[in-house]
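Q: Sequence and predicted model, in that order:
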Amino acid sequence: MKERDLKRAYNNVLAQAISTSQKFLFAGNLFGDIFILSLKELENSTEEPPNKLRVCSQGSDVDINCLAFHRDFLIVGAVGLIYGLKWDEEEETLSTKRAWEIKIPLQVDAVEVPDVNCLWVCHETDALYAGCGDGLIHKINLEDGRIERDYRGHTDFVHCVVGHADGRIYSGAEDGSVRSWSDRQKIETSITEPYKDPKLIRPDWGKWIGAVAVNDDWLICGGGPRPAIFHLGSMQCTRAFDFPGRVHLCDFVDDSVVIGGEYNHVQFYTLNGTLQANIPVEHTSSYSSVWQMNPFKFMSIAGFSNKLHILKDFRFLDSKIELYGNVQGDDVDIDAEDEKQQDEDASF
């Protein structure tokens with residue numbers, strides 16, 4: 001199988017980010033490629049964008065597990081490190097050189113380099129929070145690259161980290177717990193274990209938590225256990241959702257909740273659990289969603305497939321954007337490969 005066909009068949013996009021200007025979308029995959037899409041091409045049309053995507057390769061040895069954007073830097077989380085790539089808005093170019101790099105320290109008893117599984121940026125304090133495969137969450141000062149502190153408590157991979165307006169941090173992990181953290185305390189301020197709730201446990205799928213999201217008053221999480229919403233004050237479960245698959249993404253969107261994962265639909269619910277929209281997706285599993293309300297309403301859903309699924313009203317699928325096969329320079333590469341193949345065939 002040719003490389004381009006292999007990448008089309010096995011493309012797995014774990015991460016997306018929207019630029020500070022809200023004009024560009026970045027999507028990163030496990031082949032080490034970052035796709036760049038100008039969002040203005042989606043604003044006035046429901047068709048696929050007329051211009052092909054740009055791609056910035058990070059190398060086949062780089063697994064892009066997560067992305068974040070801060071000021072004019074795209075932040076990449078990979079295996080054992082986090083680095084920043086300078087984004088030039090005027091030239092619409094992403095630097096091929098790393099502007100800075102932070103290596104995740106190995107623990108004394110570590111047998112392998114930990115993955116950086118998730119990133120969350122507090123833009124007000126220039127702090128980056130990284131959830132890693134060693135069960136730790138690292139708080140990093142983006143001004144000087146120092147790891148200011150570690151949050152220790154999880155006993156397995158950290159899959160998700162999010163922040164609240166009051167300064168608290170929430171995390172979910174393979175150990176089945178959702179924990180809240182404060183800079184004023186060395187240990188977690190609360191521990192919630194959804195798999196211990198008979199209404200939520202799904203024994204065949206385990207106890208792990210794959211996604212967490214918060215708003216002013218509520219927290220939603222899911223993974224192996226059924227996705228559910230908790231009141232932040234009491235951390236009591238008030239509602240379980242009927243999403244039928246394992247959960248890898250969830251978020252509060254406007255007045256709704258979006259949930260996706262190992263299922264051929266991404267679903268929108270009201271906060272009281274009523275299904276609002278059932279969006280078909282081609283992903284074997286959906287891993288990432290990013291969205292904005294301004295300057296225009298937009299959501300992109302990505303996962304284990306070669307397409308981004310685009311929503312504009314959060315109720316219907318508007319379009320699908322092909323990734324490999326829709327990249328600038330593809331035609332030249334294909335012609336060169338075909339010529340090479342013809343030369344090889346002629347030699348026989």
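A: Great, that's in hand.
Q: can you tell me the helix or strand for residue 21?
A: Assignment of secondary structure by DSSP states H and E places residue 21 within no helix or strand.
Q: Would you mind measuring from it to residue 312?
A: With distances taken as Cβ to Cβ, to the nearest Å, residue 21 is found 19 Å from residue 312. The way it works is simple: take the backbone N, C-alpha and C, and place the C-beta from them, glycine included.
Q: Mind checking which of those two has more residues around it?
A: A side-by-side neighbour count of residue 21 and residue 312, using other Cβ atoms under 10 Å, places residue 312 first with 16 against 12.
Q: So that one sits against residue 293, correct?
A: No. Residue 312 is beyond contact range of residue 293, at 11.2 Å (criterion: Cβ atoms under 8 Å).
Q: other SSEs contacting the strand with the most length in the chain?
A: Assignment by DSSP state E gives strand 93-103 as the longest strand of the chain. Strand 93-103 sits against strand 54-57, strand 81-88, with contacts defined as 3 or more Cβ pairs under 8 Å, 6 or more residues apart in numbering; DSSP states H and E.
Q: switch the cut-off to 6 Å
A: strand 81-88 (3 or more Cβ pairs under 6 Å, 6 or more residues apart in numbering; DSSP states H and E).
Q: tell me what the strand it packs on is packed against?
A: For strand 81-88, the packing partners by 3+ Cβ pairs under 6 Å, 6+ apart come out as strand 73-77, strand 93-103.
Q: what angle separates that strand from strand 73-77?
A: On the basis of axes from the mean of the first three to the mean of the last three Cα atoms, to 10 degrees, strand 81-88 is oriented at 160 degrees to strand 73-77.
Q: mean confidence score for strand 81-88?
A: Across strand 81-88, the average pLDDT comes to 98.
Q: Just checking: what are the partner strands of that strand?
A: strand 73-77 (antiparallel), strand 93-103 (antiparallel) (DSSP bridges).
Q: Residue 110 is nearest to which of those strands?
A: strand 93-103 (12.8 Å; Cβ to Cβ).
Q: So for the closest one, what gets flagged as buried?
A: Residues of strand 93-103 classed as buried: 94, 102 (neighbour count, 16 or more other Cβ atoms under 10 Å).
Q: Next secondary structure element downstream of it?
A: Next element after strand 93-103 (DSSP H and E): strand 116-122.
Q: Could you name the helices and strands sitting against that next one?
A: Partner elements for strand 116-122 (3+ Cβ pairs under 6 Å, 6+ apart): strand 66-70, strand 127-132, strand 158-163.
Q: can you tell which of these is closest to residue 106?
A: Taking those one by one with Cβ to Cβ, strand 127-132 is closest: 10.7 Å.
Q: returning to what we had before: tell me which of the helices and strands packed on strand 116-122 is the most buried.
A: Counting by mean count of other Cβ atoms under 10 Å, strand 127-132 has the highest mean neighbour count of those, with a mean of 25.
Q: one step back: redo the helices and strands packed on strand 81-88 as CSV? Include mean pLDDT and distance to residue 167.
A: Output for the helices and strands packed on strand 81-88, formatted as CSV (pLDDT from 0 to 100; distance: least, Cβ to Cβ, whole Å):
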stretch, mean pLDDT, distance to residue 167
strand 73-77, 98, 21
strand 93-103, 96, 22
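Q: Ok, which of the ones you listed comes nearest residue 116?
A: Ranking the helices and strands packed on strand 81-88 by distance to residue 116, with Cβ to Cβ as the measure, places strand 73-77 first at 3.5 Å.
Q: neighbouring contacts of that closest one?
A: Here strand 73-77 makes contact (Cβ atoms under 6 Å, 6 or more residues apart in numbering) with 26, 64-66, 68, 83-85, 87, 116, 119.
Q: so residue 189 touches residue 183, yeah?
A: No. Between residue 189 and residue 183 there is no contact under Cβ atoms under 6 Å: 10.6 Å.
Q: Show me whatever sits in contact with both of these two.
A: By Cβ under 6 Å, 6+ apart, no residue touches both residue 189 and residue 183.
Q: could you check the distance from residue 54 over to residue 24?
A: Here residue 54 is placed at a distance of 10 Å from residue 24 (Cβ to Cβ).
Q: which of the two has more neighbours?
A: Regarding residue 54 and residue 24, a neighbour count based on other Cβ under 10 Å identifies residue 24 as having more, with 21 against 17.
Q: beta partners of that one?
A: Under the criterion used (DSSP bridges), residue 24 bridges to residue 38.
Q: Show me which residues of stretch 222-241 are buried.
A: So, applying 16+ other Cβ under 10 Å, buried residues of stretch 222-241: 222-230, 232, 237, 239-241.
Q: same thing with stretch 61-78?
A: By neighbour count on 16+ other Cβ under 10 Å, the buried set for stretch 61-78 is 62-70, 73-78.
Q: Dump that stretch to PDB, restricted to CA.
A: C-alpha atoms of stretch 61-78 as PDB (Å, rounded to 0.1, in the frame of the first residue of the first chain):
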ATOM      1  CA  ASP A  61       8.500   9.900  15.000                       C
ATOM      2  CA  VAL A  62       6.200  12.600  16.600                       C
ATOM      3  CA  ASP A  63       2.800  11.500  17.800                       C
ATOM      4  CA  ILE A  64       0.700  14.600  18.100                       C
ATOM      5  CA  ASN A  65      -1.500  13.700  21.200                       C
ATOM      6  CA  CYS A  66      -2.800  17.200  22.000                       C
ATOM      7  CA  LEU A  67      -2.800  20.800  20.800                       C
ATOM      8  CA  ALA A  68      -3.400  24.200  22.400                       C
ATOM      9  CA  PHE A  69      -3.000  27.800  21.200                       C
ATOM     10  CA  HIS A  70      -1.700  30.700  23.200                       C
ATOM     11  CA  ARG A  71      -1.000  34.200  21.800                       C
ATOM     12  CA  ASP A  72       0.900  33.400  18.500                       C
ATOM     13  CA  PHE A  73       2.100  29.900  19.400                       C
ATOM     14  CA  LEU A  74       0.700  26.500  18.600                       C
ATOM     15  CA  ILE A  75       1.600  24.300  21.500                       C
ATOM     16  CA  VAL A  76       2.100  20.600  20.700                       C
ATOM     17  CA  GLY A  77       2.000  17.800  23.300                       C
ATOM     18  CA  ALA A  78       3.800  14.600  22.200                       C
END
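Q: Having no further points to raise, I will conclude here.
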